[in-house]
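Asker: Structure, please.
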Amino acid sequence: MELRYRLEFVPQSAPRLVRLTGEGSHQEEIPLVSLGERFMAWQLTSRINNLRFFLTGQGEREFAVHTGYMATASSQGFPLNVAAKGIGLLPRGDLGGWTGALEELIAKAGAKGEESTRKERLEFLLHLYEKESWDDRVLTTIELYGKATWRNVHEDPRCSVLFSSYRNTSFLVNGVVEVVTPGHPVYRYVVALHDLFHLPGGPRRDFPGVYRIWACEVWDKTPGPRAGTRMA
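Answerer: Residues are numbered from 1 along each chain as shown. The predicted structure is shown next:
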């Protein structure tokens, strides 16, 4: 499936905006923003607490950080589609070392069994979240099925991702989807992170693609006086 638009990140190395050129050469410049300290602190603290809970059975846990409800525009049938996605963060530095270590753990779990390697895999993720510096501009997720969301982001890369913790902390991130295909370092890292706790039953699966979602707006959706406040 071919993209029906072109994305240009300006500047390319540390983009501040994305230039979207659609059919008919219509062009739009969309400023990019940081996800912000509050969002990143919520993500990292919650993920670390979750891992400690899985390791010890004690402490706080908050699973809303992992599930984002991703809305995309559709040209077929109803004009919107929403899908629940497992959403992740992306390290700032070189992904190769982390990816290689992840793939070694996946192979080890495949050979020795899920239960016998579970603690080691949890401790690896805890070390990753505690030690790594994280990119505060992007979110990532895998396209598992290649259906509605996949079709939609090939026509229009704009999306919204809602993290809903019901009566607790909630955020909305509006962004631009960069479709990352097999062979790219980001694709390899994100797929490896997914496979670490969704162990392949046989040969590792090739997914259609990975989405790198560049933040354009961040909104506070926590119920209360700040609900509906734009943060970035």
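Asker: Residues in contact with stretch 70-78: which ones?
Answerer: If you take CB atoms under 8 Å, 6 or more residues apart in numbering as the criterion, stretch 70-78 is touched by 79-85, 87, 141, 148-149, 151-153, 155-156, 158-162, 177. Backbone N, C-alpha and C define where each C-beta goes, glycine included.
Asker: Quick check on those residues: which are buried?
Answerer: For these, a burial check counting by 16 or more other CB atoms under 10 Å picks out 81, 83, 85, 87, 141, 149, 152-153, 155-156, 158-162, 177.
Asker: Those in strands, which ones?
Answerer: The strands, defined by DSSP state E, take in Asn81, Ala83, Lys85, Thr141, Arg158, Cys159, Ser160, Val161, Leu162, Val177 from these.
Asker: pLDDT and distance to Ile30 added to those residues, as a markdown table?
Answerer: Formatted as a markdown table, those follow (pLDDT from 0 to 100; distance: CB to CB, whole Å):
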| residue | pLDDT | distance to Ile30 |
| --- | --- | --- |
| Asn81 | 97 | 21 |
| Ala83 | 97 | 22 |
| Lys85 | 97 | 21 |
| Thr141 | 98 | 20 |
| Arg158 | 98 | 8 |
| Cys159 | 98 | 12 |
| Ser160 | 98 | 13 |
| Val161 | 98 | 16 |
| Leu162 | 98 | 19 |
| Val177 | 98 | 12 |
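Asker: my guess is Ala109 contacts Leu199, does it?
Answerer: Yes. Here Ala109 reaches Leu199: they are 5.5 Å apart, a contact under CB atoms under 8 Å.
Asker: Which residue of the two possesses the greater neighbour count?
Answerer: Taking other CB atoms under 10 Å, Ala109 and Leu199 do not tie; Ala109 has more neighbours (21 against 15).
Asker: ok now stretch 16-26, how far from the chain's centre?
Answerer: 23 Å (CA atoms, centre = their mean, to the nearest Å).
Asker: Send me it as PDB with only the CA atoms.
Answerer: The C-alpha coordinates for stretch 16-26 follow below in PDB (Å, rounded to 0.1, in the frame of the first residue of the first chain):
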ATOM      1  CA  ARG A  16      10.300  21.300  14.900                       C
ATOM      2  CA  LEU A  17       7.600  20.900  12.300                       C
ATOM      3  CA  VAL A  18       6.400  18.400   9.700                       C
ATOM      4  CA  ARG A  19       5.500  19.600   6.200                       C
ATOM      5  CA  LEU A  20       2.500  17.500   4.900                       C
ATOM      6  CA  THR A  21       2.000  17.500   1.100                       C
ATOM      7  CA  GLY A  22      -1.200  15.800   0.000                       C
ATOM      8  CA  GLU A  23      -2.800  15.200  -3.400                       C
ATOM      9  CA  GLY A  24      -3.000  18.100  -5.700                       C
ATOM     10  CA  SER A  25       0.200  19.400  -4.000                       C
ATOM     11  CA  HIS A  26      -1.800  20.900  -1.100                       C
END
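Asker: partners of Gly175 in the sheet?
Answerer: Residues in a beta bridge with Gly175, per DSSP bridges, are Cys159, Ala215.
Asker: Neighbours of it, how many?
Answerer: Count around Gly175 with other CB under 10 Å applied: 27.
Asker: what about it, distance to Val153?
Answerer: The gap separating Gly175 from Val153 is 11 Å, by CB to CB, to the nearest Å.
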